[in-house]
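Colleague: return atomic coordinates for the entry below.
(2 chains)
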Amino acid sequence: MSADHRIDRAPTRPSSALALVAAVTTTVAGVYSPVAFAGCLLGGLVLVTGLAAGEQQAVTAGSAILVVAVLAGGSSGAPVVATLVGVTGALLALDLGSTALSLGEQLGRQAPTLRLELVHAAASTLVGLGIVAAGTAVHSVVVGEQPETAALGLVVAVVVLLLALRGIEVVPD
Amino acid sequence: MNRRQLLFGVGVVLFGAGVVELLAPGTLPVPVAETLLTVVGGLTLLSAAVLSLLGRGERLTHADTPEVEMATPAEVPGTDLESVLDEFPGPDNIRGDGFDTRRRQLTEAAVTVLARIRGLDTGHAREQVAQGVWTDRTRAAEYLADDLPEPERELTLRRLFASETARERSHLRTVDAIAAAAGVEGRGDSQLGDGAEADGVVDTGTAGRDVDTGRHRTGHWTGVSLVVLVCVGVGLLLGQPAVLLAGAAGLGYAAYARVTQPGTVDLSVSRSLGETDPDPGEQVEVTVTVTNNGGFCPDLRLVDGVPASLPVTGGSPRYGTALRAGESVTFSYTVQAVAGRHEFGPALVVTRNLSSSVEQELLVEAGSEIQAVPSPEPLRGSVPLRHQPTRYAGERVTDTGGEGLEFRTVREYRPGDSLARIDWNRRARTGELTTLEFDRERATRVVILLDTRRSVQTGPEPEASDALERSVAGAQRLFPALLDDGHQVGIAAFGGGECYLAPDTGARHREQGRELLASDPAFQADTNHHPRPWYWIPRLRATLPEDTQLVVFSPLLDPDAARLVRRFEAYGHPTTVVSPDPTATETPSRRLMRVRRRLLVSHLRGAGIPVLDWDPSASLEELFTREVTAR
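Modeller: Predicted structure coming up:
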């Protein structure tokens, strides 16, 4: 009898590749600040390691480093839109990397999964594009007059709403 | 009103105030000082820290999928030392005395080996073990010797941390020495063999799988809300609008994860087979069609229920796709047919919502089965059956005289003798009334009895055919060969007695036997049998006709098997054992298992029961020819 060996449960290739594209986008958005750029390279490296080894924690850590690096860039004067694109890219990298991992674990590399991966990646990317568009719009509206009370009110409202949302379970108990 | 609704209300009010202030600055009489920004930023970062601490245990989860591509690996006998020693034969009886401490068990095993294989008498063997002179491996000899130096008594740091492993090591050393004393040597000193067993049982099918059909969160977006809080906190503290606004990314994805609702999943799976009755070894193409009867399913991960006993040789039985409402998808893979009947299990489906935040597992039933019946390939050469007088005509010449073709002797006429057998020539010549006697050519009635207990599903390595497969394959060849020799042949299996084919002859019977061996549940790998043999023995005994020889296929791994054979011999069924050897030698305990089997084989041979020890590399023909020449 043959084929008794187990299947290759490494992360699937399409989503891994797309996760790398997202990380590269973030890195490109980080060019305004040397610190951010260096941090992005490090984050990207950790992400690649995680995808190569099939380690979720490394993928999460890589994305976290990307976020921190981009925020560091934003703190030292990088443009608003670049920072927004950077964080969006980092989260997209986390999403696609995790998808590659779970698909690899459940179905393996040999199984055809391209359509699933493309649908998922397209949806997540569209959401990301929407976020960047909305963020840019908000920025262009608010940036002129700087009514700080309004901005603060909106921000705190958003945080409170987010905390409220956390309590909502999509899964019915 | 609960906390969540309160938070939600506060959020909406704040949001509205913010919008009003944005459109008409100065409407609200709230002075915004730098300090307020700092305080809010600090509070936000604090809540981020609290959240990350609370969420530390939260991990990404996903449903596990079984190794359906693999055929269930054969268990290598003797992998567990404890079970080898528990049923090790004693020096005087086949059951052993069931000692409770490991050292006593090892002592008994050593005595048994010295007595039964080296030929010492039991007292002498016991003495040798007590004096530590039974082996030249000093540490093993010392361990079993009476004046055991007890280094364990010293209360040292080393003992506190390592005494268990040290003891395990001396057990393994001793086991190794006992096996060597019995002439079984091999490489490998550690307990574990190759990787497969180290992981424990491998799940190779979907049938009977326990699936949590509820929806559960995957934690796929774990950490995005943290990103929002960090962005807002840092942005406010540093007064950096870029950082503040970057929080929108986290916010957007958090909302995406919440908003995408998992729909109800309604799938149907159908399977079509290239061939449902292939020959063993043939490649069979399996085509699976999945239809989505419900709404849009963005993330569908399917693992087909390949029978646990069949290996996948081409393609993948797994498929991941997105399906629109009403859409179907088809994929295919190849399995290699193995003799026997194999039922496909349900397909395991894992679906997720578009954002991957919720997962759901379900099993979709799709019944189909493959039955591979080997083409008849009767054994060439003669089968070493045992001599036995019976009442049925056949080819085997018995020692009793009677009706037949070959002249044997002439005797005085007795009333009742057939007229056809009166020697009319002699009657005409001498007037004497005599009866001719011929050699009775008698068929033997044979039942092939297979040991099908779960403990039999063992092989010398995980990838090898297990003893059950070899037994069934052997029976598949022996059955037509015995029929060709003119015997009446039947088939039975250990356990239960539901699997039974009464001894008979003829073309139809031949086909029935072939079918039975190929398809009866008793011969399938996943069948459970009654664990207590004494429960089904009476039933099987009542089923077997008198004057029936038995050919038992059993690897003879446990004393129960040997006792069963002796029992049937005692019931008046002359028994021959064909014993496929599944033992291996990579670890000390496996070598001890080989010794245990040898003891059982020699026990049966000592009782006058022929045992044909079937090495995995030998063919049945070789085995039988050797036996026939030896007789």
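Colleague: alpha carbons only for contacts and neighbour counts from here, please
Modeller: Noted.
Colleague: what's opposite residue B:285 in the beta bridge?
Modeller: Beta bridges link residue B:285 to residue B:334 when assigned by DSSP bridges.
Colleague: separation between it and chain A?
Modeller: Computed as Cα to the nearest Cα, to the nearest Å, the residue B:285 to chain A distance reads 15 Å.
Colleague: one more: residue B:141?
Modeller: The gap separating residue B:141 from chain A is 41 Å, by Cα to the nearest Cα.
Colleague: name the residues that touch whichever strand or helix holds that residue?
Modeller: Assessed by DSSP states H and E, residue B:141 sits inside helix B:138-144. The contact list for helix B:138-144 (Cα atoms under 8 Å, 6 or more residues apart in numbering or on different chains) reads B:103, B:106-107, B:129-130, B:132-135, B:148-149, B:170, B:173-174, B:177.
Colleague: tell me the mean pLDDT for that helix?
Modeller: The average pLDDT within helix B:138-144 is 83.
Colleague: so which bits of that helix are buried?
Modeller: Residues B:140, B:141, B:142, B:143, B:144 are the ones in helix B:138-144 that count as buried (16 or more other Cα atoms under 10 Å in any protein chain shown).
Colleague: again with stretch B:40-48
Modeller: Within stretch B:40-48, the residues that count as buried by 16+ other Cα under 10 Å are B:40, B:41, B:42, B:44, B:45, B:47, B:48.
Colleague: next: stretch B:372-381.
Modeller: Buried-residue list, stretch B:372-381, by 16+ other Cα under 10 Å: B:372, B:373, B:374, B:378, B:379.
Colleague: how far does it stretch from one end to the other?
Modeller: 26 Å (Cα to Cα, to the nearest Å).
Colleague: do stretch B:251-271 as well
Modeller: Using Cα to Cα, first and last residues of stretch B:251-271 are 44 Å apart.
Colleague: contacts (any at all) between chain A and that stretch?
Modeller: Yes: using Cα under 8 Å from any Cα of the partner chain, stretch B:251-271 reaches chain A at B:251, B:252, B:253, B:256, B:258, B:261.
Colleague: mind checking the SS state of the last one?
Modeller: Taken by DSSP: H, G, I helix; E, B strand; the rest coil, the conformation at residue B:261 corresponds to coil.
Colleague: list phi and psi for the residue nearest to it when sequence neighbours are not counted.
Modeller: Distance criterion Cα to Cα, 6 or more residues apart in numbering or on different chains; nearest residue to residue B:261, sequence neighbours excluded, is residue B:353 at 6.4 Å. When read as degrees, to the nearest 10, the backbone of residue B:353 gives phi -80, psi 180.
Colleague: thought residue B:262 was touching residue B:353, still the case?
Modeller: Yes: using Cα atoms under 8 Å, residue B:353 is in contact with residue B:262, at 4.7 Å.
Colleague: for the buried residues of stretch B:372-381, which one is nearest chain A?
Modeller: When the buried residues of stretch B:372-381 are ranked by distance to chain A (Cα to the nearest Cα), residue B:372 comes first, at 14.8 Å.
Colleague: so who does the closest one touch?
Modeller: B:276, B:277, B:278, B:279, B:280, B:337, B:338, B:339, B:340, B:341, B:518.
Colleague: how much space separates the third one from chain A?
Modeller: I take that to be residue B:278. According to Cα to the nearest Cα, residue B:278 and chain A sit 16 Å apart.
Colleague: over to the fifth one?
Modeller: The gap separating residue B:280 from chain A is 11 Å, by Cα to the nearest Cα.
Colleague: what does the fourth one give?
Modeller: Applying Cα to the nearest Cα, the value for residue B:279 to chain A is 14 Å.
Colleague: kindly report the same for the first one.
Modeller: As for residue B:276, its distance to chain A is 19 Å (criterion: Cα to the nearest Cα).
Colleague: once you drop chain neighbours, what's closest to that residue?
Modeller: Leaving aside its chain neighbours, residue B:276 sits nearest to residue B:370 (4.8 Å; criterion: Cα to Cα, 6+ apart).
Colleague: quick one: the one you found and residue B:339 touch, right?
Modeller: No: counting by Cα under 8 Å, residue B:370 sits too far from residue B:339 to count as a contact (9.6 Å).
Colleague: which one's more surrounded, the two?
Modeller: Neighbour count, other Cα atoms under 10 Å in any protein chain shown: between residue B:370 and residue B:339, residue B:339 has more, with 26 against 23.
Colleague: nearest to chain A, of the contacts of helix B:138-144?
Modeller: Set against chain A, the nearest of the contacts of helix B:138-144 by Cα to the nearest Cα is residue B:173 (31.8 Å).
Colleague: one step back: redo the buried residues of helix B:138-144 as CSV? Include distance to residue B:5.
Modeller: Shown next, in CSV, are the buried residues of helix B:138-144 (distance: Cα to Cα, whole Å):
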residue, distance to residue B:5
B:140, 73
B:141, 77
B:142, 76
B:143, 72
B:144, 74
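Colleague: can I get stretch B:123-141 in PDB? Just the C-alpha atoms.
Modeller: Taking Å, rounded to 0.1, in the frame of the first residue of the first chain, the C-alpha atoms of stretch B:123-141 are listed here in PDB:
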ATOM      1  CA  GLY B 123      13.600 -24.600  39.900                       C
ATOM      2  CA  HIS B 124      16.900 -24.400  38.300                       C
ATOM      3  CA  ALA B 125      15.800 -21.400  36.200                       C
ATOM      4  CA  ARG B 126      14.500 -19.700  39.200                       C
ATOM      5  CA  GLU B 127      17.800 -20.200  41.000                       C
ATOM      6  CA  GLN B 128      19.700 -18.800  38.100                       C
ATOM      7  CA  VAL B 129      17.600 -15.700  38.000                       C
ATOM      8  CA  ALA B 130      17.900 -15.200  41.800                       C
ATOM      9  CA  GLN B 131      21.600 -15.600  41.600                       C
ATOM     10  CA  GLY B 132      21.900 -13.200  38.700                       C
ATOM     11  CA  VAL B 133      23.800 -15.700  36.400                       C
ATOM     12  CA  TRP B 134      21.100 -16.200  33.700                       C
ATOM     13  CA  THR B 135      22.500 -13.500  31.400                       C
ATOM     14  CA  ASP B 136      25.900 -11.900  30.800                       C
ATOM     15  CA  ARG B 137      24.200  -8.500  30.900                       C
ATOM     16  CA  THR B 138      25.200  -7.600  34.400                       C
ATOM     17  CA  ARG B 139      22.800  -4.700  35.000                       C
ATOM     18  CA  ALA B 140      19.800  -6.800  33.900                       C
ATOM     19  CA  ALA B 141      21.000  -9.700  35.900                       C
END
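Colleague: so how far is chain B from residue A:97?
Modeller: The gap separating residue A:97 from chain B is 10 Å, by Cα to the nearest Cα.
Colleague: packing partners for the strand or helix carrying that residue?
Modeller: Using DSSP H and E, the element containing residue A:97 is helix A:80-107. Under the contact criterion of 3 or more Cα pairs under 8 Å, 6 or more residues apart in numbering or on different chains; DSSP states H and E, helix A:80-107 touches helix A:13-29, helix A:56-75, helix A:114-142, helix B:241-259, strand B:297-305, strand B:318-323.
Colleague: find me the pLDDT at the nearest residue to residue B:558 once chain neighbours are set aside, would you?
Modeller: Closest residue to residue B:558 apart from its sequence neighbours, by Cα to Cα, 6+ apart: residue B:87 at 6.9 Å. pLDDT for residue B:87: 84.
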